[in-house]
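*Asks:* return atomic coordinates for the entry below.
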Amino acid sequence: MGFEFTNFNSSNINADFVDWLVDEQWVDMQRHFGRLWDYYQNPMYSPAGITAIDGKLNESARTYIQAQEMGLPARITGIKRTQISGLTGGKAVADIERKEVVIENDIGWRINAMVDFLFGKGVDIVSKAEDKNRRIEIDKIIKQIFNSNGGVRFFQDMAVLGAVYGFVDCIIRPGQKMVDFWQNSLTPNMKLGASGNDTSFTKVMELVSDCGLELIEAQRALPILDERDFRKINFYVQHFIEQKNEITTEGNFLRRLLAPESSIAARRTAAVTEIISANWWQRYEDKQLIAEGSNIAEIVPVVHIQNVAQPLYYEGISDVESLIALQDELNTRLSDRASRITFQAFKMYLAKGIEGVENRAVSPGRMWCTDNPEASIEQFGGDSSSPSEDAHIAEIREALDKSSGVTPVAAGVLKEKLGNLTSAVALRMTLMGMLAKTERKHYAYGQGLKEIAAMVMHLLDVTKIYPNAKGERVFDVIFPSPLPENMLEKLNEAKLKQELGVPQEQILRELGYEMKS
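*Replies:* This next block holds a predicted model:
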């Protein structure tokens, strides 16, 4: 049937362009961003039924393959792969057997360490409204919304998606209860949220819990940006494959012909496309319109957060992409070393001038006798030291440390003596690169969280659930220190701040206490 955008009342959206986004651009994005996720998670796959891999299985092969094998050269895997063929495709290379494959995911733990430093202790989003009572209520509303959408897990998911893909988008969705209330509010004298009315505010909190914050992974995002300003989203399009809770027997004829009778059925899927504008939204399944309606927020309800700013691009800078080449080099050298050790791990003997030696086993206490004065037994083989190889692997790991800004110390791995780290200054010096990168992300993600909170308050105002002014949609985001802290030092610091006139509410919040309303 195809896309029909008449109800959007805009000439800036074109059905042919959206078709191209879904049919062409989306496929390229799946390949690009899927590769980033594979290098972060490094999932395992069974090689069963994959012709090229089956042909290379030998005594050195394992019963699984890993995603990062994609970056290994054909001289190790015996398979020539391309970005088009992917991990499970490729062509077997003649006369090259699969060697020992060693994969050490040096990307995953670095990303997890970054997330722990950024959101490991949660985050506080506080209102800057002038009225104290309103400020307390708004703080409760924002806290309730984030708790209803996962709390700390929401923040950590946001950080993981941003670090892997370079950006993360968040759609603010009003729940059905909020939509029903908005429709009822069109009648006169229907209003909640009057400050001081406990019953009214209790109802507000109930409705607020119905508001959804949906994180969109990069593979889905197909925003239509303003042609003159890439920072402005005119229409937000997302496209993805949705798994249905249904079974279908339709599908490929060859699969139905070759599969046993019991496995003909499969789970039904649908290609979902959603388009959101400032005044209208539509949802398609397999390019057939299944739902549409007006956008009650009256703005495009999407907040875009770049992991690390990339000038003049919608996408930010991924923490994974810059490490892929080094990760491939590390896996290659580890695999080379494993192959060398495999061939050199067994000692062998060359006997000269001894008769019948081929029938005698080498064992402790064995005596060898001969009348030949030139007879000898030479030992060779065994793993020998390779300093250049070890140095090269160590240099690759150091390059990964520098490129990512994350050292093994951040994950709690201490290989050598680092001196006395009881001083906070010494600890900060050791983790300087990690802390600098975390501070940079504090601003990027903090700004995004402020925009999410402000957009939620705008939605509550438009729906008349909690009327509020624009000045009440300003927030501060407080990130706790990721480093261990001395409580006595914090209390002394708080005492000094109090003497300087810092508000008691702010001091208690920094100490982790909440003000009683």
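
*Asks:* and residue 442, how many neighbours does it have?
*Replies:* When neighbours are defined as other CB atoms under 10 Å, residue 442 has 16 of them. Placement of C-beta: from N, CA and C, glycine included.

*Asks:* give me phi/psi at it?
*Replies:* phi -60, psi -40 (degrees, to the nearest 10).

*Asks:* if I look at it, how far off is residue 297?
*Replies:* 28 Å (CB to CB, to the nearest Å).

*Asks:* could you pull out the helices for the stretch 51-200 of the chain?
*Replies:* Using DSSP state H, counting those that start in this stretch, the helices found in the stretch 51-200 of the chain span residues 51-54, 74-77, 108-119, 132-148, 152-165, 176-185, 198-208.

*Asks:* from what I see, residue 293 and residue 281 are in contact.
*Replies:* Yes - contact status for residue 293 versus residue 281: in contact at 6.1 Å, counting by CB atoms under 8 Å.

*Asks:* between the two, which one's more packed in?
*Replies:* The neighbour count for residue 293 versus residue 281, taken as other CB under 10 Å, is higher for residue 281 (23 against 11).

*Asks:* list the contacts for the more buried one?
*Replies:* 274-275, 292-295 (CB atoms under 8 Å, 6 or more residues apart in numbering).

*Asks:* show me what secondary structure element comes after the strand or helix carrying it.
*Replies:* According to DSSP states H and E, residue 281 maps onto strand 280-285. Next in sequence after strand 280-285, counting helices and strands by DSSP H and E, comes strand 288-294.

*Asks:* parallel or antiparallel, list what pairs with the next helix or strand after that next one.
*Replies:* Downstream of strand 288-294, the next assigned helix or strand under DSSP H and E is strand 302-306. Here strand 302-306 has these sheet partners by DSSP bridges: strand 167-173 (antiparallel).

*Asks:* can you select the buried ones from the contacts of residue 281 in ChimeraX?
*Replies:* To isolate the buried ones among the contacts of residue 281 in ChimeraX, judged by 16 or more other CB atoms under 10 Å, type:
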select :274,275,295
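
*Asks:* quick one: which two of the contacts of residue 281 are the most distant?
*Replies:* Farthest-apart pair in these is 274 and 294; separation 14.9 Å (CB to CB).

*Asks:* name the nearest residue to residue 21, ignoring sequence neighbours.
*Replies:* Leaving aside its sequence neighbours, residue 21 sits nearest to residue 222 (CB to CB, 6 or more residues apart in numbering; 4.5 Å).

*Asks:* quick one: contacts of stretch 308-327?
*Replies:* The contact list for stretch 308-327 (CB under 8 Å, 6+ apart) reads 35-36, 39-40, 68, 71, 105-107, 110-111, 114, 162-167, 218, 223, 225, 230, 304-307, 396, 399-400, 403-404, 440-441, 444.

*Asks:* tell me what angle the lengthiest strand in the chain forms with strand 167-173.
*Replies:* What stands out as the longest strand in the chain, according to DSSP state E, is strand 233-248. Strand 233-248 runs at 80 degrees relative to strand 167-173, counting by axes from the mean of the first three to the mean of the last three CA atoms, to 10 degrees.

*Asks:* and strand 233-248, how far out from the chain middle?
*Replies:* How far strand 233-248 lies from its chain's middle: 20 Å, per CA atoms, centre = their mean, to the nearest Å.

*Asks:* can you give me the buried ones in that strand?
*Replies:* 233-240.

*Asks:* now the residue nearest to residue 21: how far from residue 321?
*Replies:* 20 Å.

*Asks:* more neighbours: these two, which one.
*Replies:* A direct count of neighbours by other CB under 10 Å for residue 222 and residue 321 places residue 222 higher, at 20 against 16.

*Asks:* from residue 38, how far off is the more buried one?
*Replies:* Computed as CB to CB, the residue 222 to residue 38 distance reads 21 Å.

*Asks:* same question, residue 297
*Replies:* For residue 297, the distance to residue 38 - CB to CB - is 35 Å.

*Asks:* next one: residue 171
*Replies:* Distance from residue 171 to residue 38, by CB to CB: 25 Å.

*Asks:* ok, now residue 241?
*Replies:* From residue 241 to residue 38 the distance is 17 Å (CB to CB).

*Asks:* do the same with residue 490
*Replies:* 42 Å.

*Asks:* which one of the two has more residues nearby?
*Replies:* In terms of neighbours (other CB under 10 Å), residue 38 is the more surrounded of residue 490 and residue 38; the figures are 20 against 14.

*Asks:* now that one: closest residue in space that isn't a chain neighbour?
*Replies:* Closest to residue 38 by CB to CB, 6+ apart is residue 67, at 3.7 Å.

*Asks:* same question for residue 206.
*Replies:* Spatially, and ignoring its direct neighbours in sequence, residue 206 is nearest to residue 177 (7.6 Å; CB to CB, 6+ apart).

*Asks:* ok, the one you found touching residue 207?
*Replies:* Yes - using CB under 8 Å, residue 177 is in contact with residue 207, at 5.6 Å.

*Asks:* more neighbours, those two?
*Replies:* In this comparison of residue 177 against residue 207, neighbours counted by other CB under 10 Å, the higher total goes to residue 207 at 22 against 15.

*Asks:* what sits against the more buried one?
*Replies:* Taking CB under 8 Å, 6+ apart, one finds 175, 177-178, 181, 192, 465 in contact with residue 207.

*Asks:* same question, residue 376
*Replies:* Counted by CB under 8 Å, 6+ apart, residue 376 has contacts 351-353.

*Asks:* which residue lies farthest from the center of the chain?
*Replies:* residue 371 (72.4 Å; CA atoms, centre = their mean).

*Asks:* state the phi and psi torsions of it.
*Replies:* Torsion angles, degrees, to the nearest 10, at residue 371: phi -90, psi 0.

*Asks:* follow-up on the earlier one: make CSV out of the buried residues of strand 233-248 and add distance to residue 154.
*Replies:* Output for those, formatted as CSV (distance: CB to CB, whole Å):
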residue, distance to residue 154
233, 21
234, 27
235, 25
236, 20
237, 23
238, 18
239, 23
240, 20
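
*Asks:* out of those, who's nearest residue 469?
*Replies:* residue 233 (25.1 Å).

*Asks:* that closest one contacts residue 304, correct?
*Replies:* Yes - look at residue 233 against residue 304 with CB under 8 Å: they come within range, at 7.1 Å.

*Asks:* overlap of the contact sets of these two?
*Replies:* The overlap between the contact sets of residue 233 and residue 304 (CB under 8 Å, 6+ apart) consists of residue 223.

*Asks:* on that earlier part again, tell me how far the residue nearest to residue 206 lies from residue 154.
*Replies:* Note on residue 177: its distance to residue 154, by CB to CB, is 20 Å.

*Asks:* and what of residue 273?
*Replies:* Counting by CB to CB, the gap from residue 273 to residue 154 is 25 Å.

*Asks:* again, but for residue 472
*Replies:* From residue 472 across to residue 154, the span is 23 Å (CB to CB).

*Asks:* let's have the buried residues of strand 233-248 in TSV, adding distance to residue 139 and pLDDT.
*Replies:* Formatted as TSV, the buried residues of strand 233-248 follow (distance: CB to CB, whole Å; pLDDT from 0 to 100):
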residue	distance to residue 139	pLDDT
233	29	92
234	33	93
235	34	94
236	29	95
237	34	94
238	31	95
239	37	94
240	35	93
